[in-house]
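S.K.: Next one to model:
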Amino acid sequence: MTIRIKPAKPVISSDIRPSRRVRRLMMNQTDFPVSSEAVMNLFVLGLLTITVSITGITLGVVLRMSGY
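M.R.: All right, here's what the predicted structure looks like:
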């Protein structure tokens with residue numbers, strides 16, 4: 001996922017060296033990636049924790065009701 005900062009990149013003249021053009025393009029990025037990995041990792045970890053907890057509670061109730 002990317003978020004646009006500026007509407008368009010500035011025009012870079014064609015008479016400059018290619019290495020300088022690449023460097024200017026890298027410095028003037030209008031889009032930057034937004035990392036959602038950390039949020040997704042926490043969400044999945046939370047779901048896993050809830051699932052394990054509910055499973056443990058259910059097994060405990062079943063064992064208690066069966067007399068163990």
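S.K.: what's the spacing between residue 57 and residue 44?
M.R.: Residue 57 sits 21 Å away from residue 44, going by C-beta to C-beta, to the nearest Å. From N, CA and C alone the C-beta is placed, and that goes for glycine too.
S.K.: Ok, residue 59 next?
M.R.: Separation of residue 59 from residue 44 (C-beta to C-beta) stands at 23 Å.
S.K.: Please report how far residue 38 lies from residue 51.
M.R.: Using C-beta to C-beta, one gets 21 Å for the distance from residue 38 to residue 51.
S.K.: for residue 35, same thing?
M.R.: Distance from residue 35 to residue 51, by C-beta to C-beta: 25 Å.
S.K.: Over to residue 43?
M.R.: For residue 43, the distance to residue 51 equals 13 Å [C-beta to C-beta].
S.K.: swap in residue 37?
M.R.: Taking C-beta to C-beta, one finds residue 37 at 21 Å from residue 51.
S.K.: how about the strands in this protein?
M.R.: In the chain, the strands defined using DSSP state E lie at 2-4, 31-33.
S.K.: who's more crowded, residue 37 and residue 51?
M.R.: Taking other C-beta atoms under 10 Å, residue 37 and residue 51 do not tie; residue 51 has more neighbours (10 against 7).
S.K.: And the pLDDT at the more buried one?
M.R.: pLDDT recorded at residue 51 is 97.
S.K.: From residue 44, how far out is it?
M.R.: Distance, residue 51 to residue 44, using C-beta to C-beta: 11 Å.
S.K.: just residue 38 next, same as before
M.R.: Separation of residue 38 from residue 44 (C-beta to C-beta) stands at 11 Å.
S.K.: List the contacts of residue 54.
M.R.: Applying C-beta atoms under 8 Å, 6 or more residues apart in numbering, one finds that residue 54 lies in contact with no residue.
S.K.: Outline the domain layout of the chain.
M.R.: 1-34, 35-68 (automatic domain parsing).
S.K.: where along this protein do the helices fall?
M.R.: Along the chain, the stretches classed as helices by DSSP state H are 18-27, 37-66.
S.K.: Compare the mean pLDDT across those and name the weakest.
M.R.: Among the helices of the chain, helix 18-27 has the lowest mean pLDDT, at a mean of 68.
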